[in-house]
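K.L.:
Have a look at this prediction, sequence included:
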Amino acid sequence: MSNNIPKDALNAINKKSGKHISENEVKKLASTVKPTTMQNEVQLRQLIKQVSAMANIPVSESTIKDIVSAVKKSGMSPQSMESLMKMMIKK
């Protein structure tokens, strides 16, 4: 995974959540993500809930299902965590 979290992603999350999330917090969470995490539904759901809690953005069960489905269909990798966060912000 890249060591640099795009600033626009962090800014969007911070603006939407009204909470300041540091790049280090995101890196710490991202470091726990393994390639298998994105293909294991239980682990993926747990990751979505962790990101939701970190960003203080509630995510409905329907949105979680949509994200899990999109991730599984696309074969998303841990490098795509930014995309995962953007999907959550849009909902």
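P.N.:
Thanks, I have it.
K.L.:
Thr63: neighbouring residues, count only.
P.N.:
17 (other C-beta atoms under 10 Å). In this view, the C-beta of every residue, glycine as well, is placed from N, C-alpha and C.
K.L.:
Likewise for Asn56?
P.N.:
12.
K.L.:
right, and it touches Asn14 too?
P.N.:
No. When contacts are counted by C-beta atoms under 8 Å, Asn56 is not listed as touching Asn14 (10.0 Å).
K.L.:
what about Leu10, helix or strand, and which?
P.N.:
Using DSSP states H and E, Leu10 maps to helix 7-17.
K.L.:
Show me what that helix packs onto, helices and strands only.
P.N.:
If contacts are counted by 3 or more C-beta pairs under 8 Å, 6 or more residues apart in numbering; DSSP states H and E, helix 7-17 sits against helix 41-55, helix 81-90.
K.L.:
what's the least confident stretch among those?
P.N.:
Sorting the helices and strands packed on helix 7-17 by mean pLDDT places helix 81-90 lowest, at a mean of 63.
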